[in-house]
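Peer 1: Curious how this folds, go ahead:
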Amino acid sequence: MTPVRRRELLALAVAVGFAAWLVVRSAYGSLPPFQWWLPVPLGVLAVAEALGARTLRARLTAERAGRRGPGRSPATAARPVEPLLVARLAVLAQASAWVGAVVAGLWGGLLLHTAPAVGRLGAASGDTVSAVLGVLLAAGLVAAALWLEHVCRVPPDEDEGTGEGAA
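Peer 2: As a prediction, the model looks like this:
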């Protein structure tokens, strides 16, 4: 499994943003108002993934330190992390990064249309607030997902760099 490339996420967000801007530009009058709370689930998911990344990093660090310790006792041993859990979290992180990029593009397309129209359209001010929140929370989801993906990476073996590996 290869890590998510940030360039591809950015290209996807820009392409979706342009397509969303075209759709919003042509159909803005017939769209329902965008409420400020619509992007909040993205923020909840971003916080959950960030907390999961922090917890997983701490558990993996403790497990690796316990494996290296010479006189490790069972009382101080870290609870082992299941490899399948880490693999599932890595897949969740990648999926969240792609979804966050798409949603950031959607909210960005709305923002591109509503921000310049705040003075002349009454609904544009509320929609602009929603779009700004949407872009920020979707970007937060992408950042949390990329961090979780980074935490899920397997570190290189310590004896690989020294050339003293068991043959």
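Peer 1: Give me the neighbour count for the nearest residue to residue 43 once chain neighbours are set aside.
Peer 2: Once flanking residues are discounted, residue 43 sits nearest to residue 137: 4.2 Å by CB to CB, 6 or more residues apart in numbering. Yep, even glycine has a C-beta here, placed from its N, CA and C like the rest. Counted with other CB atoms under 10 Å, the neighbours of residue 137 add up to 24.
Peer 1: The residue nearest to residue 126 when sequence neighbours are not counted: what secondary structure?
Peer 2: Across the structure, with CB to CB, 6+ apart as the measure, the residue nearest residue 126 apart from its sequence neighbours is residue 33 (6.2 Å). Local secondary structure at residue 33 is given as coil here, using DSSP: H, G, I helix; E, B strand; the rest coil.
Peer 1: Run through the neighbouring helices and strands of the helix or strand hosting the residue nearest to residue 43.
Peer 2: Using DSSP states H and E, the element containing residue 137 is helix 124-151. Using 3 or more CB pairs under 8 Å, 6 or more residues apart in numbering; DSSP states H and E as the contact criterion, the secondary-structure elements in contact with helix 124-151 are helix 40-68, helix 83-114.
Peer 1: Contacts only, for residue 46.
Peer 2: 100, 137, 140, 141, 143, 144, 145 (CB atoms under 8 Å, 6 or more residues apart in numbering).
Peer 1: ok, of those, which one's closest to residue 85?
Peer 2: Using CB to CB, residue 145 comes nearest to residue 85 of the contacts of residue 46, at 16.4 Å.
Peer 1: how close does the closest one get to residue 112?
Peer 2: When CB to CB, to the nearest Å is applied, the distance between residue 145 and residue 112 equals 24 Å.
Peer 1: if you count what's nearby, which of the two comes out ahead?
Peer 2: residue 145 (27 against 17).
Peer 1: circling back to that earlier point, does the residue nearest to residue 126 touch residue 127 like I think?
Peer 2: Yes: taking CB atoms under 8 Å as the contact criterion, residue 33 and residue 127 are neighbours in contact, 6.5 Å apart.
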